[in-house]
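Peer 1: Below are the sequence and a predicted model; questions follow.
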Amino acid sequence: MENSNKIVAPHLNAEVYRTDTTGNEAPSYLDYIKLHPDGSVLVGCSELTGRYWVGGAAIFKNIAEAKDISPTSMRSIQLDSGTADGCFIGKSSKVLICEDSGAIGIWSINEDDSWKHWKEEMTVSEHDNGVMAVDCLEPEKQYVTAGADGHIKVWDLTDMICIRNYSLAHCAVVSGVSVRPDSTTCFASGSLDMYITLWDDNIDKPVLDLVKNDCGIRCLQWIDENQLVYGDEAGVLRVMDVRYPEKVATLCEFPASVHKVAVHPEHGRIAVCCDNKIVSVCDKVADNNTKVLYHDRHLHSNYVRGVAWDNSESNALHSSAWDGLIRTHNVS
């Protein structure tokens, strides 16, 4: 067969696609929602469609402003990767953002800046995979992060350095971390390796493996200084007392994996979102029994990823989802 010396021009559509740099206007898949005591709202998103898998976050003055968000207008903070968690640092003008690239960054805004632009103060990348969760040990000073690399790190945000590295704290993705109430050193972590572990920042080894579950742990949060609620991949919501770790009670069972829980700081109601579009609220009663106070499957059209209780209205629960919307639930 003769070799063809004919030069064929590349396909025009392919060439346009190769050189195109404008295809990043993708819908914002909202991953979490956090509320500041002054009413400000932090919403993080990942844009998992199109040519560029990036992410971002937006900060709003109040929940009413946040609910007016357009699914394609999440642009206060632009990131080069998705974000699974974040939090306010002291004032509502400074936030800590966790990224899927393994980085954590501090962003702030100068109220005197007429442009109101958020600027990145510092960033550091020490996790070898995505940063899945963050919680506060000491406000404005020390925070703890959990990574998909199995590591847990304690950070001094004053100098943005890791002051305690629990290398391979778990042998799988660390999906959640929660600081014990009224403590600046003690926290619990949950992992897809099926373990919940208790840690103390003063000790370089785990204090105690609290639970070995029958499937991976997806989320956890303290109800009070002794009780811990957690959800797993099987869709089971459980509660335990760390003083008696062998006694674990099942609160509720859901049709999909439990993704996130939010405990109301006053009346202890537990808001739950799973790998579906349903938002539920459980009320823990005596003897570890529970009753479902609220159940909604209509306000969102895609997976609900974040839930947060309102600071002023005790019966108001806010949720964010992959449909790009923020909704408010009246839990009477």
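Peer 2: Great, that's in hand.
Peer 1: mind showing which ranges of the stretch 51-200 of the chain have poor pLDDT?
Peer 2: Scanning the stretch 51-200 of the chain for pLDDT under 70 picks out 51, 70-75, 112-115.
Peer 1: residue boundaries of the strands in it?
Peer 2: Along the stretch 51-200 of the chain, the segments classed as strands by DSSP state E, counting those that start in this stretch run 54-60, 77-79, 85-89, 91-98, 103-109, 118-125, 131-138, 142-147, 152-156, 161-166, 174-179, 186-191, 195-200.
Peer 1: so which of the ones you listed gets nearest residue 229?
Peer 2: Nearest to residue 229 among the strands of the stretch 51-200 of the chain is strand 174-179; the distance by Cβ to Cβ comes to 9.4 Å. C-beta here means a position set from N, CA and C on the backbone, and glycine is covered the same way.
Peer 1: The closest one: how far from the chain's middle?
Peer 2: Its chain's C-alpha centre and that of strand 174-179 lie 10 Å apart, by Cα atoms, centre = their mean, to the nearest Å.
Peer 1: contacts for that strand?
Peer 2: Defining contact as Cβ atoms under 8 Å, 6 or more residues apart in numbering, one finds that strand 174-179 is touched by 132-137, 144-148, 150-152, 186-192, 216-222, 228, 230.
Peer 1: Quickly run through the sheet partners of that strand, with directions.
Peer 2: Applying DSSP bridges to the sheet, strand 174-179 is found paired with strand 186-191 (antiparallel).
Peer 1: Quick one: distance of the strand it pairs with to the chain centre.
Peer 2: Counting by Cα atoms, centre = their mean, strand 186-191 is centred 15 Å from the centre of its parent chain.
Peer 1: the inter-axis angle of it versus strand 195-200?
Peer 2: 160 degrees (axes from the mean of the first three to the mean of the last three Cα atoms, to 10 degrees).
Peer 1: Give me the contacts around strand 186-191.
Peer 2: By Cβ under 8 Å, 6+ apart, strand 186-191 touches 135, 137, 144, 146, 150, 152, 169-180, 196-201, 207, 210, 216-220, 222, 228, 230, 242.
Peer 1: and what of stretch 284-304?
Peer 2: Residues from elsewhere that reach stretch 284-304 (Cβ under 8 Å, 6+ apart): 29, 223, 229, 237, 239, 249, 251-252, 259, 268-270, 273-283, 317, 319-323, 325, 327, 329, 331-332.
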